[in-house]
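> generate coordinates for the sequence data below:
(one chain, ligands or ions: 2)
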Amino acid sequence: MSLLVWNPEWDTGIALIDQQHRSLLEQVDALMTAIHDNDVDRRIPGLLAFLADYVEQHFRVEEERMEATEYAGLAGHRAIHDDMRRQVASLVERFVADSQAVNEEVLEFLTDWLIKHINGEDRRMARHLHQWAATHPRTWS
Ligand SMILES: [Fe+2]
Ligand SMILES: [Fe+2]
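Ligands and ions are numbered 1, 2, ... in the order given. Purely as a prediction, here's the structure:
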């Protein structure tokens, strides 16, 4: 059962970033499903660890592209990522302390945050990356 479905309107038009965003949502969805199925001990630790790694990998891709294209909004965007990094780390810590602490409410918060970020800061970043790509030789595929 899928609780979260990607809306194509959330695409930025940057292939790798869109693919990672979709994958992030799928992973949050897998966590929600595991919680819904009450499969807390068997599936959630691995899913949480994977999500935390993937979030880091994704933020690095965005930050590297913002750096490479001299994006003026880099510092602000990075600060928001850092906040998310802390949220995810705290989610993992809370789960270790009490497996019931990671519930649908917590994940809904995470999802709302993610979607809001994708449609706000990520969209503004993508606009800049598209403009950059139009005026500079391709530096990535
Ligand atoms: Fe993103
Ligand atoms: Fe971002």
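> from Ile118, how far off is the residue nearest to Arg22 when sequence neighbours are not counted?
Computed as Cβ to Cβ, 6 or more residues apart in numbering, the closest residue to Arg22 that is not its neighbour in sequence is Trp6, at 5.1 Å. To be clear about C-beta, it is placed using only N, CA and C from the backbone, and glycine gets the same treatment. According to Cβ to Cβ, to the nearest Å, Trp6 stands 10 Å off from Ile118.
> three-state assignment of the residue nearest to Arg22?
Following DSSP: H, G, I helix; E, B strand; the rest coil, Trp6 is assigned to coil.
> hang on, the earlier thing: between Trp6 and Ile118, who's got more neighbours?
In this view Trp6 and Ile118 are compared by other Cβ atoms under 10 Å, and Ile118 has more residues nearby, 20 against 17.
> residues of the protein that sit close to ligand 2?
62, 122 (Cβ under 5 Å from the ion).
> joint contacts of Trp6 and Ile118?
Counting by Cβ atoms under 8 Å, 6 or more residues apart in numbering, the contacts common to Trp6 and Ile118 are His21.
> quick one: the residue nearest to Arg22 and Leu24 touch, right?
No - using Cβ atoms under 8 Å, Trp6 makes no contact with Leu24, being 9.9 Å away.
> list the buried residues of the helix or strand hosting Ala134.
Element membership of Ala134 [criterion: DSSP states H and E] is helix 121-135. Neighbour-count burial for helix 121-135 flags 121-122, 125-126, 128-129, 132 (criterion: 16 or more other Cβ atoms under 10 Å).
> now for this structure, the helix or strand with the poorest mean pLDDT.
None of the helices or strands of the chain scores lower by mean pLDDT, DSSP states H and E than helix 104-119, at a mean of 88.
> tell me which other helices or strands it touches.
helix 15-36, helix 74-97 (3 or more Cβ pairs under 8 Å, 6 or more residues apart in numbering; DSSP states H and E).
> what does stretch 93-108 rub up against?
Around stretch 93-108, the neighbours that count as contacts under Cβ under 8 Å, 6+ apart are 28, 31-32, 35-36, 40-41, 44-45, 48, 91.
> among those residues, find me the one that's closest to ligand 2.
Relative to ligand 2, the closest of those is Val28; by Cβ to the ion it sits at 15.2 Å.
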